[in-house]
Each structure stands twice: as C-alpha cells, then as structure tokens.
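Engineer: kindly return the folded structure for what I paste below:
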Amino acid sequence: MNNKAIATPGRTKDILTKAGFSFKKSLGQNFLVDVNILKNMLRHAGIGENTAAIEIGPGIGALTEQLALHAGSVTAFEIDQRLVPILEEELSSFDNATIINEDILKADIAKVVHELSRDHEEVRVVANLPYYITTPILMRLLMDRLPFRSITVMIQKEVAERMAASPGTKSYGSLSIAVQYYTEASIPMTVPKSVFMPQPNVDSAVLHLEKRAEPPVDVQDEDFFFEIVRASFKQRRKTLINNLGSFFKGSLDKNEIRERMESSGIDPGRRGESLSMEEFARLADVFHEVK
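Structural biologist: So this is what the prediction gives:
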C-alpha cells in the first residue's frame, strides 16, 4: 500500500497515468488533490466510527480513502465503469469500503440505506458532487425522505449559496426553500478551484445539510406549497400579484388574488425573495382550495 494519500497531486497523477485515464467532461470529473480539505470536510460532516457513509462520484477514491479511515463503513456509487478497477485497486486494503457501479439517480438507495442502518448508528452522505447534476441528486435524496442524519457535499459555491440563502438576499429562491424545508443548511467552508485536477472554472463550497425531524412549517398540501413557491419566483423582478396572476390565470382574477393575499397578511406588491418560508406556507394555504 502507498502511504501517501490519494488526495495529493503526485499520487493522483501516478494513478491516472498508470490507468491511462482520460477525463470525461460530460461527467464533470474534477479530482481533489488536497488531503487537508478532505479531513476538514469529514470533521464538518460529523463522521465517526459509528457512521455508515454513502459517497456519490468517488472518482479515484480521494474522499473514499479518508472515509474508510474514519467512518465505520463507506459505500460509494460510481457511474463511470472505467473508474471501478482503479477504485478497487486503490482501496483494496480497506475491508469497510464498497464500490457500486451505478447511477445514483437510478439506484435503489433506500435499500442500501436500510441495510446500512441495521449495522450502524447513523447514515450520512458525504460527496464531492459533479457540478452539472448537483441539484437533481440532492433533491432526490431529500424528497425520498430516507433516514440520513446529514448530507455534506462539495459543490459549486454559487449553488451552495443559493441552497443556504436567507430571505431578502439575491441568492434566495425556490431552491433555498426546497432544501431548507427538509434540512438546516450551512456553508462551513469554501474551497478554491486550485485544489482540483483539472481545475474547474469556478470555486467550490462545502454545503452541510442536517436533516430536520419535521419540516419547519405545516402546510395543507406539500406539492401545492412548492408550486406556489416556484410560481412566486417565476420572474424574480415581478411582484407576487403579477406572478400569481399568471399562475392562477383562468381560475382567479387579480382582485380575488389580492383579497386572498391580504387576508393572509401578505402585501401583494412584495416580491417572492422577501417572503419567509412561514409566509409562503400561509400563502399556499389561503389558495389551497383553488388549485
């Protein structure tokens, strides 16, 4: 076994050269070559010996190696068949690491999580996610309501800021509300593009999502609540009355929309970015019977 961590420039180059590996731009492959950043990420993720870690997109195993060293077990989903033999070789000394050659969006994650839950106190997701598919992966993990303790991912900084944003900020939108409905979101660290091989065009950030036991608001209809949220941000510069006027076209006229909004204590002239999640919940409930 090579004593040098995988997440170093020299070791990463050696592994890639030996395997004759070429990067696939379509898969968003950028390998991290700074082991200290990975150790910090694991610390923020709360990884310990009683944790079963699930990783998505392990690449050549830089993060997988650190998870295998610090967690009870690591199960990594890798879509690129070419990387599987590399991972198996580089992680051969770890009997607590499992590689699954599947697309995470098609895999039976529920089955894996329930199996891991039998042998470990907690299951946490930790990953360096491909930028191009960050949101679909995270929303699937959240909406499937699987019993994860937390999700800690390295993603594009701008997307992390949108997911953790507060009302009244330019990053705040329907994605912020969707993520924060299920979790408490924070950004414990930012990551420069210089620590990746090859370097991406943007900086990254580590987003930590701690699962909520219950959503922070009660709504009559969850799907309709998210529809109202999306409609309110359809055109960011438009007021709520205009965005909702388009959404309810054919069902309610603007006067009826205005009356309902005012009855819920929300000024129709406000914009979506100024509303808290509690206010969106009131808005959804007051229009619920119209849907």
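
Engineer: which residues in the stretch 151-291 of the chain form strands?
Structural biologist: With DSSP state E, counting those that start in this stretch as the criterion, the stretch 151-291 of the chain has strands at 183-191, 196-197, 204-211.

Engineer: pLDDT averaged over the longest one - what is it?
Structural biologist: If you average the pLDDT over strand 183-191, you get 98.

Engineer: next one: stretch 115-123
Structural biologist: Mean per-residue pLDDT for stretch 115-123: 95.

Engineer: where's that stretch relative to the chain centroid, distance-wise?
Structural biologist: How far stretch 115-123 lies from its chain's middle: 21 Å, per Cα atoms, centre = their mean, to the nearest Å.

Engineer: on that earlier part again, ranking the strands of the stretch 151-291 of the chain by burial, who's on top?
Structural biologist: By mean neighbour count, with neighbours taken as mean count of other Cβ atoms under 10 Å, strand 204-211 ranks first of those at a mean of 22. Placement of C-beta: from N, CA and C, glycine included.

Engineer: now the stretch 151-291 of the chain, which segments are flagged as low pLDDT?
Structural biologist: Scanning the stretch 151-291 of the chain for pLDDT under 70 picks out the ranges 291.

Engineer: so which of the strands of the stretch 151-291 of the chain gets nearest Ile6?
Structural biologist: strand 196-197 (11.5 Å; Cβ to Cβ).

Engineer: partner strands of the closest one, parallel or antiparallel?
Structural biologist: strand 31-32 (antiparallel) (DSSP bridges).

Engineer: following element in sequence after the partner strand, please.
Structural biologist: Going down the chain from strand 31-32, the next helix or strand is helix 35-45, by DSSP states H and E.

Engineer: next, the buried residues of that next one.
Structural biologist: Val35, Ile37, Leu38, Met41, Leu42, His44, Ala45 (16 or more other Cβ atoms under 10 Å).
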